[in-house]
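> Below are the sequence and a predicted model for it; my questions follow.
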Amino acid sequence: MADPMGDLARLRAATYAGRDPRGLAAATVDGDGLVVEVTFADGIGRHQPAAVGEAVRLAVSDARQRMAAAYRALAPEPAEEPSAPHLLGGATQEREAR
């Protein structure tokens, strides 16, 4: 049997890692999406501050996306809504026929 509260607690206790596409920065966020660590590639000092800032932003974003994916995987699939074509436009069709 599934334990949704236990699963949620495990997700919140976990950490999620992300990187920027250029590999300049890596970031780790906790289960609430808060940054717990940022590391940089060797030679980061050769890059402009704006590029370093963007690398950090992208690494944190990647880590948060991974965290969100873990939470989405835990969520149940939404139930399909029943179809009711007789309710959609039925009264309008009757009025137009008159």
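In hand now; what should we look at? Numbering: from 1, shown residues only.

> how near is residue 49 to residue 63?
Relative to residue 63, residue 49 is positioned 21 Å away (CB to CB, to the nearest Å). Any C-beta I mention is one placed from the backbone N, CA and C, and that applies to glycine too.

> With neighbour numbers in mind, choose between the two.
residue 63 (25 against 7; other CB atoms under 10 Å).

> which ones are touching the more buried one?
If you count contacts by CB atoms under 8 Å, 6 or more residues apart in numbering, residue 63 has them with 16-18, 27-29, 35.

> centre of the chain versus the helix ranked longest in the chain, how much separation?
Assignment by DSSP state H gives helix 49-74 as the longest helix of the chain. The chain centre lies 9 Å from the centre of helix 49-74; the measure is CA atoms, centre = their mean, to the nearest Å.

> Mind checking which residue lies nearest the centre of the chain?
residue 68 (2.9 Å; CA atoms, centre = their mean).

> Which pLDDT value belongs to that residue?
Note for residue 68: predicted pLDDT of 96.

> Could you number the chain from 7 rather than 1 from now on?
Happy to do that; since the first residue is 7 now, the last one works out to residue 74.

> how much space between it and residue 9?
21 Å.
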